[in-house]
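**Student:** I need the structure of the sequence given here:
(2 chains)
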Amino acid sequence: MIIDLHNHSTKSDDGRAKVSSYCRWIHKREIPIHGLVLTEHRQFDDESDYRELEDEHDLLILKGSEVETDYGHVLVFGVNEDLLNAFDFGAIDLKLADVVQAADRCGGIAVPCHPGRPTVGMVAHYEERGPIEGVRVIEVYNGGSRAGEDEASLALARELGYYGVGGSDAHLVSQIGLCATKFERDIRSMEELVMALKEGSFEAVSWR
Amino acid sequence: MALISIDRKWIGQEFDVAEFKVSEKGILAFARACGETEPRFTDPSHPDFQAPPTFTSKYVSRRILPEAFPDLGARGFDAGKTVEVLGPLRPNDTLTARSKIADIYEKTGRSGPMIFIVHRMEFFNQDGQPVSIVDWRLVRQPDPE
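**Tutor:** Numbering: from 1, shown residues only, chains lettered A, B, ... in the order given. Below is the predicted model of the structure:
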């Protein structure tokens, strides 16, 4: 099962795509993904209900978040009430160590994204300050990466033994499905996604 | 620089009111510039002739930020506008635009921290009906240390 783990809708301040438009695009272009995760910037979208869209388009639509830390941006999967109370999703100066620990403690998982990107990726921060304990999975393919960024992410994953996922980081309709993650098992819920991420039973894929 | 240094009291405060007259010539020029082909935007004889949806994005208030708003430095860029259409704009309409700061927030990107200021202009026609809302995102970046 292939899921695009990193996307933004109009719920994000810089997102320009409606979720319904993503769904139509996936079908029209026959993009080989079975689901997507909406990871809105600095928030968890607790309001939107995409169940009708899921049924209409036969797609799994899950919700996570992308938060900002001292080591760059981080995807958070498995957001629940406990996790929402653990730290301020809207802050831009969160500590990666705190986010990783809080996610783990509350039944979720934190996945640093676009690690190879300057300023907002963890590679540069690792070089300065060293690794953070508890990181197990990082995004190695990102749809918005520039030349050399994914290569730096892959090198970091190899060096430290991290599992690698892929996500498009789509902000526009045509960006969905550029990168994704292929899971060995079927995923039907956020809980199952978190479990699969913790198990490491997946591989990153890119069609860029 | 942290956003936290900007008092959130600025959000929601109206700081400018300006008036604009919509003309047929202005609508046609805007439609041409946008590459519009719909007759209702390009043909004044069309029974539903009106301005293209993003027409109000061309208007600028007399002040961009409230008086005494904190100086955030000279570095920054225009992050674009979003337009919400609430009603048609037709020739000879008189628009009143009320400006306020709708939001202030921080984020980090490749180039470092950025402060986003959302300048909102709410447009009303001569009957007091809301016709358009334009959110203009202005980005300021702290000066390099």
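**Student:** Please make it C-alpha for all contacts and neighbour counts, starting now.
**Tutor:** OK.
**Student:** how near is the closest residue to chain A within chain B to A:H114?
**Tutor:** Per CA to the nearest CA, B:R110 is where chain B lies closest to chain A, at 5.3 Å. Distance, B:R110 to A:H114, using CA to CA, to the nearest Å: 11 Å.
**Student:** One more: B:D93?
**Tutor:** 49 Å.
**Student:** now do B:G12
**Tutor:** Taken as CA to CA, the span from B:G12 to A:H114 is 35 Å.
**Student:** just B:V83 next, same as before
**Tutor:** Distance from B:V83 to A:H114, by CA to CA: 31 Å.
**Student:** Show the model's pLDDT score for B:M1.
**Tutor:** At B:M1, the model reports a pLDDT of 44.
**Student:** isn't the residue of chain B closest to chain A right up against A:M122?
**Tutor:** No: taking contacts as CA atoms under 8 Å, B:R110 lies outside contact range of A:M122: 11.9 Å.
**Student:** Please identify which of the two sits among more neighbours.
**Tutor:** With neighbours defined as other CA atoms under 10 Å in any protein chain shown, B:R110 and A:M122 compare such that A:M122 has more, 29 against 11.
**Student:** in the lengthiest strand in chain B, what's buried?
**Tutor:** Longest strand of chain B, by residue count under DSSP state E: strand B:94-109. Neighbour counts over strand B:94-109 (16 or more other CA atoms under 10 Å in any protein chain shown) mark B:94-108 as buried.
**Student:** What of stretch B:71-87?
**Tutor:** So stretch B:71-87, judged by 16+ other CA under 10 Å, has buried residues B:L72, B:G76, B:K81, B:V83, B:V85.
**Student:** Reformat these as TSV; add distance to A:E192, pLDDT and secondary structure.
**Tutor:** Converted to TSV, those look like this (distance: CA to CA, whole Å; pLDDT from 0 to 100; DSSP: H, G, I helix; E, B strand; the rest coil):
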residue	distance to A:E192	pLDDT	secondary structure
B:L72	45	82	coil
B:G76	43	89	strand
B:K81	39	95	strand
B:V83	39	97	strand
B:V85	41	98	strand
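**Student:** Beyond the longest helix seen in chain B, next helix or strand please.
**Tutor:** With secondary structure taken from DSSP state H, chain B has its longest helix at helix B:24-34. Sequence order places helix B:39-42 as the next helix or strand after helix B:24-34, per DSSP states H and E.
**Student:** re earlier: overlap in contacts, B:R110 and A:H114.
**Tutor:** Here B:R110 and A:H114 have A:V120 as joint contacts, going by CA atoms under 8 Å, 6 or more residues apart in numbering or on different chains.
**Student:** Can you tell me the number of residues neighbouring residue 62?
**Tutor:** I'll assume chain A. 22.
**Student:** please go with chain B instead
**Tutor:** Neighbours of B:R62 using other CA under 10 Å come to 11.
**Student:** Could you confirm it falls within a strand?
**Tutor:** No: B:R62 is assigned coil when assessed by DSSP: H, G, I helix; E, B strand; the rest coil, not a strand.
**Student:** Please verify my assumption that it contacts B:F15.
**Tutor:** No: counting by CA under 8 Å, B:R62 sits too far from B:F15 to count as a contact (9.5 Å).
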